[in-house]
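Q: Just a sequence and a predicted model for now, questions to come.
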Amino acid sequence: MFQFINTLLIGITSGAIYALMALAIVLVWRSTRVINFAQAGQALASTYFGYQALQYIDSFWIALIIAMAGGAILSALIEVIFMRILLKHTTSGAIAGVAPIIATLGLLEIIRTLVTLKWGGADVIVKAPLSNTGFSIGSNTLVFSPMKLAIIAVVTVLLLVFSVIFQKTSIGLSLRASAFSPELARLAGIRVDRIRTLGWAFSGATGAVAGLLLVTNGNGSLSPASLEFSLLLISGFIAAVIGGLESLLGSVVGGVALGIITAFVLMYISDSLFFIAPFVVLLLVLFIRPQGVLGKKGGRRA
Amino acid sequence: MKAFNRRKLVTASAMLAVTALTITTVPAQAFSPKSEVGVSANEIKLGITIPMTGAASPGYNKVPAAMKAYFDYVNANGGVNGRKITLVVKDDQYVPTQAVAKTNELILKDRVFALVSPLGTANNKAVAASVNPAKRGVPVLFVNTGFSGFADVKKYPTTYSLLPSYVMEAKIMAEYIKDNFAGKTIGLVYQDDDFGSDALAGFKTAGVKFATTVGYASGSQSATTAAGWVTKLKAANCDVVILFGVSSATAAGLGTAAALKYAPQWILGSVGGDATTIKAAGVPAGVLYNAVGASFLPSTTDTADEYVSLFSGIYAKAVPGSAFDNNVLVGMNSAFVTVQALQAAGKNPTRKSLIAAINSKGSTFASAGLLPLNYSASSHVGYNGYWFGKYSPTGDLKPDGGKYTLYTTDSGSGAVVKSTYKRPAMPAKGLPN
Amino acid sequence: MHKLSNKARIAIFIVLGFVIFLISNRVDELRVYQGATVAVYVVGIASIILLTGYSGQVSLGQGALLGVGGYAAALARLHWGVSVPVSFAIAILAAAAAGALLGVAAARLSGPYLAGTTLALAVGLPSIANQFTFLGGEQGLFYDVGFPPASLGEDFTQYKWFFWIAALATLLAIFWLQNVMRSRYGRTWKAIRGSDIAAELAGINIARVKILAFTLSAGVAGLAGALLAMTIGTVSPSAFPLALSFSLLTGAVLSGVTTLGGVMIGAVTLVAIPEIVHSVVDRIGASEAVATNLPSLIVSALLIVTVIFVPNGPVEQMRTKSKKVKSL
């Protein structure tokens, strides 16, 4: 029984971090119709921003906000300097459809290399603000700690903030309108370009949170070569697909679902299925319910 | 019009091929026919391939600098028979394709005399198959892997192992468990590839029974997956847990267990047992306290040891600010043995004389190792045993009872026995002659 | 539209083969080894051009398909002792079968979904080798194509033998690919790439065509995998990393995905850049960290510049320009 509960908790926590990455992916997708594979690199760079901030100030939470700001600026710059030119130049031709995918992969490599040159290849430590020691019930210890609670709280707060922005504010309305139909939005007087940049900035900030929480959820070690950020990108993408790629709530549901499924597979089937399990989940979703768990019908021929 | 262009394309492609293959051709360096490749009047050139970047690089990327530090020390003191040793370093990113490409560069372009300490099982296997150093007569000194196969003289006549094999380590660890933790419930965390299966084979030979085993996929180790391992080990009520994985897995396992208030008796395999690397990955020293660890070299903090004191002094000067850890010690010790092999190869060393020298005199080489080197014409096995100890409150591995007790065995079904070997004194100033 | 006749094409390929043969006799062993590597890249890149350039689909997991081919070739030779050409054929068939499966999934997916799925495949598939002992685990399996025949003489090196095999296989593969692209299928694919809807209106079964494109592309990738396994003498999970998939895609973009004509450009760039960078860095004496990281920085920057400014590749660019000049 206790094993079962702990497996569930492992799944929820890792799922919460996948969910953040999925949110970041969906925010860009909704604003630009691009899957930004450089997101893993941006999250890595933002996490290093947070690490750098922690060298000067003591508060993790302020460092988190600095990392978010840094991630947002980086992401906005990428959109303005890079994506706009890219999309303008590749409106037609053989690779128009895949050019952004390829270009963001190149960008991923560039960011990773620059981070290595700036901060070096060795591990650095980002200290967690809260204890990672699990809560005890009797003689048993839960895989749940103050830090993990904080992670879940942060994900919930971010989701709420985004819901409010998207549902209740004029910015949100513009974001949704631009995503639905840029031409119509432009006719309605929305400055589509600016709104798109804003979407990227939101995404960059979310990715920064995902990166910092990923690191502090563990032993706090961070290095540019770490496989964990690449895996985060893939998990985030799968989570976003489960959620239907359009819906914010969907990506959170997708993230948590993926986290829980993976945790149970590793616990009760085999630990060595780590790389296979998410891929199988992805294929199952694509075959059984291609519009995603919360997505509307309409296929995936975007 | 179209046809014209197509022809132009084909011509362009062909010309590109020609340019690519010829323009960049580097004229072969002129060596007088008498002297050996990579040996000149004042230089001996060696080469190493090792991951300097990428996920597998942390820890290992300190090895080349450590080796260079010792070579430079020798060079500053007259070199080997008046020749300075240089080391050409190539980054293989732990990818076999890269290892083959870079080894080809080392042998065919840089024209090194011998390869030293190339790292990784799959990489060395690919290099052996493709580059075929044996056929070229190129010595491969002291491959940096515990895979026992490379000690096979018939298959790899120019390759020498240095590290004890994983099978040996598992068998000796089993003996240690029998002596110290008889009757306890034992769990095992291993990497689910041949590194782990070698260990499983060793434990099986020694008849160890596990309450549960956790085989993680290489690259999947993280705090999150480790929470799963710990939950499993706890559910099986393990009192003793062997972590037989790479450093990042050891760090993830120890850190997560501490967070979950799970404190079995830990036993760490030597591959993932380097305290500096574990601490750099964010595990507090206190968590390591009292864990059992194994090594065949003296403890890196044992400054009373003449080798450790000399090597750490040299390293501190050569690479200021970098911690003297087990990777550094292994690298410097390999360099130390290499220098002796070069000395033994004669006034004008050739690849043949180098191999002959290791085969005939290798077992008498001095080294920091607390076990003998087992080189002969029929054996390319390096060290063949371990001592056990516990980590101190500051996270340093110290031998049990302050004294190194060494066990020795083979990679087959041979028994585990206590070693009676006494390490000879270090050559004066650490300079073999 | 006038096209080169088949006879003329065969003549060109024979001349090309002869030129390669002459070169292989003149350069040193390191260059023939690098030549073999270029051949592996050429075939791998061609497999992506076939897929992306002609049917508009993208695969970020081509490295995994190379892996399937490499392992199939190695297993066939180890267990059944088949000859080298037969092992190549088995590699092609095995990878094509895997590609067909992937194609079935791909037919239902578009751009970003397919990209993410193939990316997950590239990460997941190699780890399977560790699950089954017959796949040899992390250290992998040997794949030995044997020594060059004694009749070629004592001085004939192993790498020259590899290069001959790789070059011949590459020429045949490219020739065959050109045939495919000039065929009815090739035209159909181009139609799809232009517009799914238009193609559908013209009565083309898009799903079936996409699956076929994926299958053929995977078969070619399988050949590249067998050639790669030959040059390193082994197959192992770490020989087919994510980085390989990215390199091939980069090479395809640098070559230009719309035509096979530039396929050499990407392959040569991938092999030459690290070497050029190193010789430059050695000369100016930059730090070790810069030296190890610079090649990937340059290659990635080239990739982005190409995607933005020469999206159809240098060859297509040249062609369009000369067309414009002519029509003036």
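A: Structure received. Worth saying up front: this structure is predicted, and the values here are computed from it rather than measured.
Q: and the helix or strand harbouring C:Val277, anywhere near chain A?
A: Per DSSP states H and E, C:Val277 falls inside helix C:263-284. No - Helix C:263-284 stays clear of chain A (C-beta under 8 Å from any C-beta of the partner chain), getting no nearer than 12.4 Å. Glycine gets a C-beta too; all of them are placed from N, C-alpha and C.
Q: Alpha carbons only: can I get stretch B:252-264 in PDB?
A: The C-alpha trace of stretch B:252-264 is given here as PDB (Å, rounded to 0.1, in the frame of the first residue of the first chain):
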ATOM      1  CA  ALA B 252      21.000  10.100  -7.000                       C
ATOM      2  CA  GLY B 253      20.500   6.900  -4.900                       C
ATOM      3  CA  LEU B 254      22.300   8.300  -1.800                       C
ATOM      4  CA  GLY B 255      20.700  11.700  -1.900                       C
ATOM      5  CA  THR B 256      17.200  10.500  -2.400                       C
ATOM      6  CA  ALA B 257      17.500   7.800   0.200                       C
ATOM      7  CA  ALA B 258      18.600  10.400   2.700                       C
ATOM      8  CA  ALA B 259      15.600  12.600   1.800                       C
ATOM      9  CA  LEU B 260      13.400   9.500   2.400                       C
ATOM     10  CA  LYS B 261      15.000   8.700   5.700                       C
ATOM     11  CA  TYR B 262      16.200   5.400   4.500                       C
ATOM     12  CA  ALA B 263      19.600   4.500   5.800                       C
ATOM     13  CA  PRO B 264      20.700   0.900   5.000                       C
END
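Q: buried set for that stretch?
A: Within stretch B:252-264, the residues that count as buried by 16 or more other C-beta atoms under 10 Å in any protein chain shown are B:252-260, B:262, B:264.
Q: Could you do stretch A:224-243 as well?
A: A:224-243.
Q: If you count contacts, what does the biggest helix by length in chain A end up packed against?
A: Counting residues, the longest helix found in chain A (DSSP state H) is helix A:2-32. If you count contacts as 3 or more C-beta pairs under 8 Å, 6 or more residues apart in numbering or on different chains; DSSP states H and E, helix A:2-32 packs onto helix A:39-54, helix A:146-168, helix A:170-180, helix A:192-217, helix A:227-242, helix A:248-268, helix B:223-235.
Q: Compare the ones you listed and give me the one nearest chain C.
A: Chain C lies closest to helix A:227-242 among these, at 4.3 Å (C-beta to the nearest C-beta).
Q: what residues are up against the closest residue in space to C:Gly256 that isn't next to it in sequence?
A: Nearest-residue entry for C:Gly256: C:Gly313, 1.2 Å, with adjacent residues in sequence omitted and distances by C-beta to C-beta, 6 or more residues apart in numbering or on different chains. By C-beta atoms under 8 Å, 6 or more residues apart in numbering or on different chains, the residues touching C:Gly313 are C:253-259, C:262, C:265, C:306.
Q: which of these are buried?
A: For those, buried by 16+ other C-beta under 10 Å: C:253-259, C:262, C:265, C:306.
Q: and these as JSON lines, adding secondary structure and pLDDT?
A: Formatted as JSON lines, the buried ones among the contacts of C:Gly313 follow (DSSP: H, G, I helix; E, B strand; the rest coil; pLDDT from 0 to 100):
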{"residue": "C:Val253", "secondary structure": "helix", "pLDDT": "89"}
{"residue": "C:Leu254", "secondary structure": "helix", "pLDDT": "89"}
{"residue": "C:Ser255", "secondary structure": "helix", "pLDDT": "89"}
{"residue": "C:Gly256", "secondary structure": "coil", "pLDDT": "86"}
{"residue": "C:Val257", "secondary structure": "coil", "pLDDT": "82"}
{"residue": "C:Thr258", "secondary structure": "coil", "pLDDT": "79"}
{"residue": "C:Thr259", "secondary structure": "coil", "pLDDT": "80"}
{"residue": "C:Gly262", "secondary structure": "helix", "pLDDT": "83"}
{"residue": "C:Ile265", "secondary structure": "helix", "pLDDT": "87"}
{"residue": "C:Thr306", "secondary structure": "helix", "pLDDT": "88"}
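Q: Please identify the helix or strand for the residue nearest to B:Ala263 when sequence neighbours are not counted.
A: Distances taken as C-beta to C-beta, 6+ apart place B:Ala257 nearest to B:Ala263, at 7.1 Å, with adjacent residues excluded. Element membership for B:Ala257 (DSSP H and E) is helix B:247-259.
Q: where does the next helix or strand after that helix sit relative to the chain's centre, distance-wise?
A: Downstream of helix B:247-259, the first helix or strand assigned by DSSP H and E is strand B:265-268. Centroid separation for strand B:265-268 versus its chain: 22 Å, with C-alpha atoms, centre = their mean, to the nearest Å.
Q: tell me the angle of the helix holding B:Ala257 relative to helix A:227-242?
A: Angle between the axes of helix B:247-259 and helix A:227-242 is 70 degrees (criterion: axes from the mean of the first three to the mean of the last three C-alpha atoms, to 10 degrees).
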